[in-house]
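Engineer: Fold the following and give me the result.
(one chain, ligands or ions: 1)
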Amino acid sequence: MRIVIIGAGIIGATLAYALTQRGAEVTIVDAGQPAGGATGASFGWVNASFHADAAHFALRAEGIAAYRRLCHDLALPVAWSGCLCWEEQGAALEAQAADLTALGYRAEILGRAEVKRREPAVQAPEEALFFADEAAVEARDLTRALLDASGARCLFGCPVTRIATKGGRVSGVEIPGGVLQADRVVVAGGTGSAALLAEVDVALPLLHRPGVIFRTQSLPPTLAHVCVAPIGEFRQLPDGSILMPTAVSHQADDSDALAASPDALADAAVARLQKVLPDVPLSWRDVALAQRPVPQDGLPFVGACGPDGLFAGVMHSGITLAPVVAEVLAAQITGQMTNAQAEMIAPYDPVRFQRA
Ligand SMILES: Cc1cc2nc3c(=O)[nH]c(=O)nc-3n(C[C@H](O)[C@H](O)[C@H](O)COP(=O)(O)OP(=O)(O)OC[C@H]3O[C@@H](n4cnc5c(N)ncnc54)[C@H](O)[C@@H]3O)c2cc1C
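Structural biologist: Numbering: from 1, shown residues only. Model prediction:
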């Protein structure tokens, strides 16, 4: 079975790996370079503590489990550091812990002394939650590693201009100078997906969700966890720099425009971070602006759609969800999806946006 995947971000790369593991012949095509879209600008936090509802929690928790499976098979840039979260305090923090525990998630309440012991550089809060199962991934390196491990053929700098169809089913994709023939086509083009899908009468309404993220200069070992504070989320990268989105609670950020220029947003976020890391000399080195692929209802867009042989995988929190979505889509595309997998992705079926 010849499969073309449009998009070499985290979704396309994990899917390429899952499909070649099932024996498919995969070609991946990207208008730019691997992880050149939202993936390369991501915070890289793998978590289920943030979720929309119980089904979304279950999908995200399975996302963490799918990372464990991937890391069992391959050496990948995934750090199982866990997360310290003190966005809330008092009754609100206890309620958050109780909600997550009721869902079967590991959420431990730590007092100030223990937080200080674990993160000595941090201006420790009264209490924090510790999510032991959460991780941080270097999404750019991970994408490259999965593409390499997949053995898929890759075409970069090569925009897909149209999904080709014949007799009501996909036949390939148009690229500069010709057509790549395929039995199945998967649209994993992030914010570029909607335009391609519209041409084959598949509606994918996307929200406008710009995201800004900065890195500091390289520092000696300072932080051990993904840290989630009222001033924002931050973590230290393997190169010593600290990475932080400029929006507080960036996963829930619903601004459709930037409040200021990226450099001004980074200045303000560094000033906030400095209060939490008072003895660490901080300045930002680079700042990135990217568009997050967020479907209109905030939930993933996953599964078969439009002409026979066409599939899509477009979502926010794509770093968390990529491995589980890849497993399920690969099973669906090769006709091996289990009932449990079908149930898990049912709420995210593209059909919900299509006209009757
Ligand atoms: C600031 C920020 C922080 C984030 N933090 C987190 C986080 O902590 N945890 C988390 O889970 N998620 C996070 N996300 C979200 C996550 O990064 C995205 O959901 C994920 O990267 C989407 O991956 P993707 O592969 O679908 O899209 P992308 O990475 O955008 O890749 C799509 C690719 O498709 C290509 N493409 C598009 N159109 C075409 C075309 N016509 N022809 C050929 N190629 C095409 C593009 O060039 C691009 O390379 C964050 C996002 C941002 C911006």
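
Engineer: Need the distance between the two termini of stretch 227-240.
Structural biologist: From its first residue to its last, stretch 227-240 covers 15 Å (C-alpha to C-alpha, to the nearest Å).

Engineer: Buried residues, that stretch. List them.
Structural biologist: Buried residues in stretch 227-240, counting neighbours by 16 or more other C-beta atoms under 10 Å, are found at 227, 228, 229, 231, 232, 233, 234, 235, 236, 237. Just so you know, the C-beta spots here come from the backbone N, C-alpha and C atoms, and that holds for glycine as well.

Engineer: Stretch 32-45 too?
Structural biologist: So for stretch 32-45, counting by 16+ other C-beta under 10 Å, buried means 32, 34-45.

Engineer: Would you confirm that residue 29 contacts residue 161?
Structural biologist: No: if you go by C-beta atoms under 8 Å, residue 29 and residue 161 don't touch, sitting 10.7 Å apart.

Engineer: Spit out the residues that contact the two alike.
Structural biologist: residue 175 (C-beta atoms under 8 Å, 6 or more residues apart in numbering).

Engineer: ok so, going back, need the buried residues of stretch 227-240 in TSV with distance to the ligand, pLDDT and secondary structure, can you?
Structural biologist: Shown next, in TSV, are the buried residues of stretch 227-240 (distance: C-beta to the nearest ligand atom, whole Å; pLDDT from 0 to 100; DSSP: H, G, I helix; E, B strand; the rest coil):
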residue	distance to the ligand	pLDDT	secondary structure
227	12	98	strand
228	10	97	strand
229	15	97	strand
231	16	96	coil
232	11	97	strand
233	7	98	strand
234	11	98	strand
235	9	98	strand
236	14	98	strand
237	13	98	coil
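
Engineer: Where does the stretch 201-350 of the chain get nearest to the ligand, which residue?
Structural biologist: residue 318 (2.7 Å; C-beta to the nearest ligand atom).

Engineer: looking at it, that residue is touching residue 39, isn't it?
Structural biologist: Yes: with contact defined as C-beta under 8 Å, residue 318 counts as touching residue 39 (7.1 Å).

Engineer: Mutual contacts of the two, please.
Structural biologist: 9, 10, 190.

Engineer: Of the residues you listed, select the buried ones using a ChimeraX command.
Structural biologist: Paste this into ChimeraX to select the buried members of the shared contacts of residue 318 and residue 39, with burial taken from 16+ other C-beta under 10 Å:
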select :9,10,190
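
Engineer: dump the residue contacts of residue 52.
Structural biologist: 298, 299.

Engineer: hang on, I meant residue 276
Structural biologist: Taking C-beta under 8 Å, 6+ apart, one finds 122, 123, 227, 229, 231, 234 in contact with residue 276.

Engineer: hang on, the earlier thing: which of the buried residues of stretch 32-45 are close to the ligand?
Structural biologist: 32, 36, 37, 38, 39, 41, 42, 43, 44, 45 (C-beta under 6 Å from any ligand atom).

Engineer: list the contacts for the residue nearest to the fifth one when sequence neighbours are not counted?
Structural biologist: Read it as residue 39. Leaving aside its chain neighbours, residue 39 sits nearest to residue 9 (4.0 Å; criterion: C-beta to C-beta, 6 or more residues apart in numbering). By C-beta under 8 Å, 6+ apart, the contact set of residue 9 is 34, 35, 36, 37, 38, 39, 143, 188, 190, 318.

Engineer: One more: residue 101?
Structural biologist: Applying C-beta under 8 Å, 6+ apart, the residues contacting residue 101 are residue 107.

Engineer: roughly how far apart are residue 49 and residue 219?
Structural biologist: 26 Å (C-beta to C-beta, to the nearest Å).

Engineer: Tell me where the longest helix sits in the protein.
Structural biologist: If you go by DSSP state H, the chain has its longest helix at helix 54-73.

Engineer: how about that one: buried residues?
Structural biologist: Buried-residue list, helix 54-73, by 16+ other C-beta under 10 Å: 55-64, 66-67, 70-71.

Engineer: Likewise for stretch 92-100?
Structural biologist: 93, 96, 97, 100.

Engineer: gap between that stretch and the chain center?
Structural biologist: 24 Å (C-alpha atoms, centre = their mean, to the nearest Å).

Engineer: per-residue confidence averaged over it?
Structural biologist: Across stretch 92-100, the average pLDDT comes to 97.

Engineer: what does that stretch contact?
Structural biologist: Residues contacting stretch 92-100 (C-beta under 8 Å, 6+ apart): 49, 85, 86, 88, 107, 108, 109, 127, 128, 129, 131.

Engineer: any idea how far the third one is from residue 276?
Structural biologist: Going back to what we said before, that points to residue 86. 10 Å.

Engineer: on that earlier part again, of the ones next to the ligand among the buried residues of stretch 32-45, which pair is most distant in space?
Structural biologist: 32 and 45 (23.8 Å; C-beta to C-beta).

Engineer: one step back: would you convert the contacts of residue 9 into CSV that also reports secondary structure and pLDDT?
Structural biologist: Formatted as CSV, those follow (DSSP: H, G, I helix; E, B strand; the rest coil; pLDDT from 0 to 100):
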residue, secondary structure, pLDDT
34, coil, 98
35, coil, 98
36, coil, 97
37, coil, 97
38, helix, 98
39, helix, 98
143, helix, 98
188, coil, 98
190, helix, 98
318, helix, 98
